[in-house]
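Trainee: Make a model of this:
(chains A and B)
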Amino acid sequence: QKEVEQDPGPLSVPEGAIVSLNCTYSNSAFQYFMWYRQYSRKGPELLMYTYSSGNKEDGRFTAQVDKSSKYISLFIRDSQPSDSATYLCAMTRGGGADGLTFGKGTHLIIQP
Amino acid sequence: DTAVSQTPKYLVTQMGNDKSIKCEQNLGHDTMYWYKQDSKKFLKIMFSYNNKELIINETVPNRFSPKSPDKAHLNLHINSLELGDSAVYFCASSQGSTYTQYFGPGTRLTVL
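Mentor: Residues are numbered from 1 along each chain as shown, chains lettered A, B, ... in the order given. Below is the predicted model:
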């Protein structure tokens, strides 16, 4: 079993729809959870950061973490064609120079 | 201003050569990282480095070595390049206990 599982998609939705992206993980030591957006041939761009369980909202984006289920989600409201990209979940235990463990990414397409 | 920059953006070379990729961050962060993104877009940590410790992912061949002349720079040296080294290499940085990492634009390495 991989440490972080993420459906690669592609996920295609019409403009204006609510998008739900999610990841499951197996390592209960993970405490810090992030979502990155990556456009084609660009570097990952940090979207959301959450510590431990709970919700966090930033504009049209909401991140949720459920540590008891080892499940994290990213919701995008009022989706726009410019949201079309690959969305990567990432997580870390924290402490020292700890690298991020990424999911494989979900390719999202917002149809105009 | 570019927060995390990498040079070169593209690198094409022959098998067996030795090459370097440079990374600089102007965020004042104390920790830097190298990641490899393979042809399937999976992003995997290679090295984490701050002034106290170097953490090497055990799966990384010893042909790869990070070199840090100062806190703002972390270069990646690769000896005896192989076909399987072809990938996009990303540099990232973070500060202390925030664990949120900021990525550079990537270096696309092609080994012929």
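
Trainee: Bridged to residue 54, which residues?
Mentor: Just so you know, I chose chain A. Partner residues in beta bridges with residue A:54: residue A:65, with DSSP bridges as the criterion.

Trainee: Actually, chain B is the one I wanted.
Mentor: Beta-bridge pairing of residue B:54, defined through DSSP bridges, involves residue B:49.

Trainee: That one: neighbour count?
Mentor: As a burial measure, residue B:54 scores 12 neighbours (other CB atoms under 10 Å in any protein chain shown). C-beta here means a position set from N, CA and C on the backbone, and glycine is covered the same way.

Trainee: Could I get the pLDDT score of it?
Mentor: Predicted confidence (pLDDT) at residue B:54: the value is 82.

Trainee: pretty sure it contacts residue B:67?
Mentor: No: taking CB atoms under 8 Å as the contact criterion, residue B:54 and residue B:67 are not neighbours in contact, 10.3 Å apart.

Trainee: which residues touch the closest residue to chain B within chain A?
Mentor: When distances are taken as CB to the nearest CB, chain A reaches nearest to chain B at residue A:99, 3.2 Å away. With contact taken as CB atoms under 8 Å, 6 or more residues apart in numbering or on different chains, residue A:99 is in contact with A:92, B:33, B:35, B:45, B:47-48, B:55, B:57.

Trainee: 7 Å instead?
Mentor: Applying CB atoms under 7 Å, 6 or more residues apart in numbering or on different chains, one finds that residue A:99 lies in contact with A:92, B:33, B:45, B:48.

Trainee: Residue A:27 too?
Mentor: Here residue A:27 is in contact with residue A:3 (criterion: CB under 7 Å, 6+ apart).

Trainee: Checking my notes, it in a strand, right?
Mentor: No: with DSSP: H, G, I helix; E, B strand; the rest coil as the criterion, residue A:27 is assigned coil and is not in a strand.

Trainee: Kind regards, and thank you for your time.
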